[in-house]
Every structure is written in structure tokens, then in C-alpha cells.
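[1] Just need the structure, nothing else, for what follows:
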Amino acid sequence: MARLKSESVPASAPDLDILGDQVTIHPTGYVPPSSTQSEDEERNLVEHMARFRESPLDFLREISLHVSGMGWRSYDDVIGQPIFYSGFSANMKATVLRTPMLRRRIDQLAQHRVDVEEEQGLLGDKHDRYKNRTRRKVEIETSLQEVAADLTDGMICKMESKTFIRGAYYLATQLLTRAYHQGIHVSSEEVLRLRAVATQAAKKKQSIIFLPCHRSHVDYVSLQIICYRLGIGLPTVVAGDNLNIPVVGAFLQHAGAMWIRRSFGDDALYTTLVQSYIDTLLQNGFNFECFIEGGRSRTGKLLSPKFGILSFLLDSVLSGRVEDAIICPVSTQYDKVVETESYISELLGQPKPKENLQDFLSASSVLSLKLGRVDVRFHEPWSLRAFINGQQARQGQASPVKGLSSVQDQEYRTRLLRTLGYKVLSDINAVSVVMPTALIGTVLLTLRGRGVGKSELIRRVEWLSDRVRNKGGRVAHFAGAPTEVVVDRGLEVLGSGLVGFVDDLLETTYYAVDRFQMSFYRNMTIHLFISEALVSAALYTRVKQGGGPENQTLLFDTLHDQVSFLSQLFRGEFIYPTAGLLTNLEVTLTGLEKDEVITITRNSSGKMLSVGLHDVERKSGRENFDFYCFLIWPFIESTWLGAVSLMGLTPPLGQKGDKWLTLTKTQDAAQLLGKTLYHQGDLSYFEAVNKETLKNAFQLFEEEGIVKVSKSRDKKIPPTVKLAESWTPRRDHISGDIIPEGKLWTFIENIAKSRREGKNRRDGATVSTRVLVLADNVGRQLFDGAAAPADIALEGQSPKKRRRKEIQTGPKL
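    Model (predicted):
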């Protein structure tokens, strides 16, 4: 029976399996299950935890033992700072409210408000003004202190009861291991290293800042369970206050959640309060956790970093208020993500439902499912201070940064923040594990046929596993199990809703049932092959023209230009190697040449002149070249769709003045256009109508100056958009039809060069006629409801609420 190959990769440390109260080390070789016990039963240690339905008395007895801390790990010997004691929350709150930064901010806000009231003549005549100023300032400061106290109480985590934490651990483990029946897997080597780092950090009173990727609500549950089980101080977890719902919110806050608003706006008091709380945590060595991507990834791949909380963390160290902190990037991968079905609904345009207790309780319906396992990997932790000093040395600074005042340029700080964010993402990718479900999903979505036989599926999974390892990636550790066993496990977890099969044929044939949802798992591998995908898509501009090898050869300079264009197109979607375009391109081409996917013509000095398909690749039916193209084609389609939809933003004839269109409605119209084109055959991939990818495309269009976006200070007023004048197509002055020419049309055609060939795509005729008419029709509907942007940030608010808002916002500092 075939096995996943690993000869070219040195043996890795064994995995640890965390299930319930038991940690098991994996054997180094494959051990088949006994005749009386299935593999899942052999590995499923959750049976050591009593179940209420099976044994009510044992279940109640076990809970009692967990709560009392008897007969099991009671979490007494913790590596980190003490947190589980009565009064911890009150002490933390008092410490935050005493921070010099917060007190200065309250003083500034009160002073500013008094100045405003004095200008408005509200403080009396000259004789009483000084006394009234003093009295009024004290009143405002007192009011702001009360507001700050209320906000702090609602924000800070309240892990002060060891008994509660024990019970929460038991409950979370029961729920998680019922859903993920194969447990939580970690690397024994990484865990030992993390414990050693945690021990040193505790001695120095330094915090470990865990920065995980974010694909599921299970992310923070699994990390808390791991820290608890390994005896590492539980981190305070940044969580959006949309999850702060009745009952659940209080439970999570006592289990480690720190509630913050989704948007801070111009609230200077709240912003300072968050910074003060983070400073307090880091100054006292409490571990911390926030998600580098902000929200959960609905697409399966890493999102661009969000810099909000990251900026607070950087400021803490950069300002000198915190000496140092330890950064630990974390990758969490799943055989199957619980929320994928709801993700698909959102990506197809359904509004995201507001979290509520009923939905939270109904989530228990998934707990009886067999969702496989969770793999958590920890990158080697590193010093944030050392990172800052290293970046400053690279910029030619003479000495380490000791405070924000020594950083002369705000642009430098922004670059530092961006570098930090993308370094963390790169580290997460470096330790990410590719799961069997991701391997299967990727194979099924990168084949030209409707389905694939079992033997061919196994062969391509083995090929893909080798490619992952050769690219420096990791494949989930299955103790040397044969590939067929791993594939069977993956197919079982994916289920019939995602992968169907036909078994009354010469061999069992598998096919993707829900390609849109399956793309979530394919996207878990794309970061490893993005360079190869871009090169293949660029070369495809010639390959799709057909003919012999000479006709399908592309000059290196032309290839370079198209790869550069595509790279810029997807700079918001993917994380590229940092060596630079030319170096990355040459390295990628050399690798593809070694794999016999392409052939390269060089001159006598070794300079690359042209690139074409290798004869071996042609004889194999272009399966490897097509694989790389299939990875990137849905994203090319989506960006092309977004660009085509912009043609519909061409103002109608006779329009007077500028008309701005609501951005969200414009994106929804692009999605509707895409669904129409897909069902009419002009779009190959339904994933192209993905709402998240379209939003990224519109962000690119804004950055490139193709569209202008107007945003109001009032969050209730949605952003509006219009085409930039130099990018606006012309209309025929008689018929009113959009003329397919100009900068935007050329931009669309450049994208279309790398699109997958399909129905009516031999030239641009279809786009310049029928597709363009559809885009124009959608645009005309948008213009019918168009309006000019306005900035009425405080309109509609009560006078009392408006005054409070003005006081908290204060001057721009």
C-alpha cells in the first residue's frame, strides 16, 4: 500500500495528542488497528471522560473532581504570573485607571471641553470665570473617570476563580473533543520549546503575545486548552464585543476574553483606555492573545494583517512603557471547520447574522459530528524589542529606539508596523500544517475532469504532499499511515455534502459536490504555490493559443511583465517571498524547470531568454502546469469580474454633476453580475463571486486610483464610490452605449489574458457586447438611486449623547 513520502525531509519530532485529561505521544511508525478496535477508538481518548447519558453518576463524580482539582492536573503549578485569586479583577481595574497615560488623557479632554464652553460663553462673566473653570473641569474629570471605570469593568478579563477555570476547562474539552473526535495535535518539540520560553519569560516578568491565524471560533478555545494542559499562564484574549451576548459573554470574560469595540472611531478616551489596559498586562507579564487577521478568514487562506491591536502592542514597547515582550506566531489548522457553511452564505451575499444565545446553543448540533482533528503549531518565539532594534539597524539608526519621540518619521512607524504584521503572517505560514482534507480538496478542484478514480486520487495526494514538503511546508503527521488510510480519513471527515462518489463503475470515482465550500480547503495550500501559480498564469497567455511548442513559448521579458502585473493585482490577497520580484521569478522558474514543468532557453552567459512547456509536461497532459493554473484562476476571474463591473459605473449621458454610488451596493451589483455570467457560461468559477475576494478587488481599484471612495466620519453613513475621471470610459453620443476602449478597458484585457479559456473567450467580442451590456444595465440601476456623499457624523443624536461624544472625542492629539 502506498505511503506518503518523506525521504527527502528529516524526521520530525512526534506529535502529541491532547484529548480530555490525557496526552498521548504518537508512535513513529504506522500501527494498524486491532481486529476488535477501530482506529478512531484506538486514538480517541475522550472515552476516558465520562458521559452523562452513559453513566450519570460517574459524570457528576468526574465534574466534582475537576472542580476541586483532585485526582488530575489541578493547574496549581503555572508558568507565568498569578491570576487566579479573589480580587484580581478589582486590582487590575484600579491599576488601569491609575495609569499616567489615562490620567493625562482625562485631563486633556476636560481642559479642552472647558475651553470650548468658555468660548461659548457658558462659564459666566469675567469675575466668576476662573472659579467656574476650575469647578467645571473637576466635574468633567469626575464624569470621565466614571465613564472610564464603567468601560474598564466591561472590557477587562476576569480570570480570578480557579474553580471556575477548572470547570470551564472540563466543559470546553468535553465540547471540543466531541466535535473534533481525533483530538488536538501539537508538536512535542514545539511544546517543550514553548515551555522553556515561558519559564524564562516568567522570570523576567515578560508577556508572551500569542498571534494566531483565525479560521474558527474554536481557535481560542483550542489554544486555551493547550496552555491549560501544559501549565502555561492562560492568555488574555482580545475578542470583539459582538460576542458579548447575555450569559455567554460573562462566561467568556471570566475564561479570558477581553471585550473591545469593533471600531473605536474618534473616541480618544476609549482608545487611551485600551492602550492603558494593554500596557498594564504587558508591564506585569500577563500573557496576551489577539488574532493577526482581525476577523475569521471566510476563504481558508490567511488574510492581510489588521494593525489595530498590533499597533497598541508595538506602541507599548516602542514607547519604552514596556521593556520587552515575546511574540509567538501560532497556526491552527482543521480537518473540517465548523463554520464553513455559514461562511459560504456570507460570501454569497447573505447578511451576517448577529450573534445571540439561541444560535450559540444550537451550535451543539455539530458536537456529535466527527470533524477529525485540530493541529496547532507554534513558531519559535522571538523578542519584540530585538525585532524593533533590528529594523532600526537596517534603517541605519545609531541606537535602539527607547521611545516614540526618537522615531522622527511617522512613515517609519507605519513601515515598522507593516513589517511586523507580515513577518507574523510569514511565520504562521512557515509552521502551518496541510491537513488531509486540504490535500483532497486541492486535488479535486485542480483536475479538468468531472471526477477522479480512487487510485488517481491517492497518486495526486502523494504528489501534492511531496510538493508541499519540497516547498518547505508540512503535511499533517499520521504516524506513517498509508496514503490510502489518510485519504479515507479525509473523505470521511469531508462527508457526502462535499465529496460525492459513484461506485457502480470500473472503479470508485470521487467528485466535488460543493465546489464553493470545497474551495475553503483548497485555499489552505495556495500560499505554498503562489509563485508557481503566477508564473503559470502568465505563461498561459501563450499556452492557450495552441499550436506547437514554438508558438507557446514566451519571451522572458514578456513573462516578467505579466507576472509583475498579476503580482500587483493580488498584493492584497497573498503573501509573497520578500526577496523581490526578479529574484523570486528566477528562483521559481528554476524550480519549475527542475520539476520538468517548463523549459528555459538561455544565452551563453546564462541569462534567461524565453520560457515554454517542457516535453515531459506535454506528454503528461499538462497536469502539473494545469494544477498551478487552477489554483490562481478563481482569483483572476474574481478580479476580472470586479473590473468589468466598473464599466457599469460610467455615468449616463446627460448626467449633471457627480453622482456617488453606495460602495456596498456597487459590490453587491458586481456579485449579481458575476452570478449571471456564471450561469450563462462566461465565468468558469462560482468562487469568483466570492464577496470577500470582490471586496479585495475594490480595495485594489481604490489604491490604483481607478475609483475614488468617500467615507464619512459617521459610521451610519456608508462609503460611496465613483470612477476616477481619467479611468472613466466614454459613451457613444447617439446610442448611449459604453465604448470598449480606454485605460479601464485595457486594464480588463490585461487581466483577461490569464483567464481560463472557455465558452466564447477566443476574443473580446463577448465582453465588448453582451457582457458589457449586462454591466451597463446593472450600473444604470445603481445610478437611479445615487446620491452625493455627506458628512453628518452627529446628526440624529440626542443633545446629551452628542455632548458626551464630544467630550470623549476631544481634540486631535
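[2] Next, residue 305: phi, psi?
    Main-chain torsions, residue 305, degrees, to the nearest 10: phi -70, psi 150.
[3] Give me the spatial nearest neighbour of it, chain neighbours excluded.
    Nearest residue to residue 305 in three dimensions, chain neighbours excluded: residue 421, at 3.1 Å (C-beta to C-beta, 6 or more residues apart in numbering). The way it works is simple: take the backbone N, C-alpha and C, and place the C-beta from them, glycine included.
[4] can I assume the one you found is in contact with residue 292?
    Yes - the pair residue 421 and residue 292 qualifies as a contact (C-beta atoms under 8 Å) at a distance of 6.6 Å.
[5] what do those two both touch?
    305, 306, 310 (C-beta atoms under 8 Å, 6 or more residues apart in numbering).
[6] Could you check how many residues crowd around the last one?
    Here the count is done by other C-beta atoms under 10 Å, and residue 310 has 20 residues near it.
[7] does it sit in a helix, a strand or a coil?
    When classified by DSSP: H, G, I helix; E, B strand; the rest coil, residue 310 comes out as helix.
[8] that older thread, any idea which of the shared contacts of residue 421 and residue 292 is the one closest to residue 782?
    Nearest to residue 782 among those: residue 306, at 29.4 Å, using C-beta to C-beta.
[9] Tell me if that closest one really is in a strand.
    No - according to three-state DSSP, residue 306 belongs to no strand; its state is coil.
[10] what's it sitting at in phi/psi?
    Torsion angles, degrees, to the nearest 10, at residue 306: phi -100, psi 130.
[11] got the contact list for the residue nearest to it when sequence neighbours are not counted?
    Here the nearest residue to residue 306 in space, its sequence neighbours aside, is residue 294; by C-beta to C-beta, 6+ apart that works out to 3.3 Å. When contacts are counted by C-beta under 8 Å, 6+ apart, residue 294 is found next to 214, 303, 306, 308.
[12] Look at the residue nearest to residue 305 and say how many residues are nearby.
    20.
[13] For it, what is the enclosing helix or strand?
    Assessed by DSSP states H and E, residue 421 sits inside helix 410-431.
[14] Remind me what the helix or strand harbouring residue 376 packs against, helices and strands.
    Element membership for residue 376 (DSSP H and E) is strand 374-378. Helices and strands touching strand 374-378, by 3 or more C-beta pairs under 8 Å, 6 or more residues apart in numbering; DSSP states H and E, are strand 184-187, helix 188-204, helix 218-230, strand 326-334.
[15] do you know which of those lies nearest residue 248?
    helix 218-230 (12.6 Å).
[16] what's the following helix or strand after that closest one?
    Assigned by DSSP H and E, the successor of helix 218-230 is strand 236-240.
[17] Report the buried residues of the following helix or strand past that next one.
    The element immediately downstream of strand 236-240 (helix or strand, assigned by DSSP H and E) is helix 248-255. Buried residues in helix 248-255, defined by neighbour count with 16 or more other C-beta atoms under 10 Å: 248, 249, 252, 253, 254, 255.
[18] Stretch 169-183 too?
    Residues of stretch 169-183 classed as buried by neighbour count (16+ other C-beta under 10 Å): 169-170, 172-183.
[19] Using TSV, please lay out those together with distance to residue 469 and secondary structure.
    Listed next are the buried residues of stretch 169-183 as TSV, based on distance: C-beta to C-beta, whole Å; DSSP: H, G, I helix; E, B strand; the rest coil:
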residue	distance to residue 469	secondary structure
169	35	helix
170	38	helix
172	33	helix
173	32	helix
174	36	helix
175	34	helix
176	29	helix
177	29	helix
178	33	helix
179	29	helix
180	25	coil
181	27	coil
182	22	coil
183	24	coil
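[20] any idea which of the residues you listed is the one closest to residue 117?
    Taking C-beta to C-beta as the measure, residue 117 lies nearest residue 172 of those, at 51.2 Å.
[21] if I pick that closest one, what's in contact with it?
    Residue 172 makes contacts with 221, 224, 225, 255, as judged by C-beta under 8 Å, 6+ apart.
[22] picking that back up, how close does the residue nearest to residue 305 get to residue 311?
    Applying C-beta to C-beta, to the nearest Å, the value for residue 421 to residue 311 is 9 Å.
[23] With residue 782 instead?
    35 Å.
[24] What mean pLDDT does stretch 570-578 get?
    Taken as a whole, stretch 570-578 has a mean pLDDT of 88.
[25] what's it in contact with?
    301-302, 304, 422, 425-426, 429, 526-527, 530-531, 534, 567, 584, 587, 635, 639, 693, 696, 699-700, 703.
[26] just the buried members of those?
    Using 16+ other C-beta under 10 Å as the threshold, 301-302, 304, 422, 425-426, 429, 526-527, 530-531, 534, 567, 584, 635, 639, 693, 696, 699-700 are the buried ones among those.
[27] Sort out which one of the shared contacts of residue 421 and residue 292 lies nearest residue 274 for me.
    Closest approach between the shared contacts of residue 421 and residue 292 and residue 274, by C-beta to C-beta: residue 310, at 12.5 Å.
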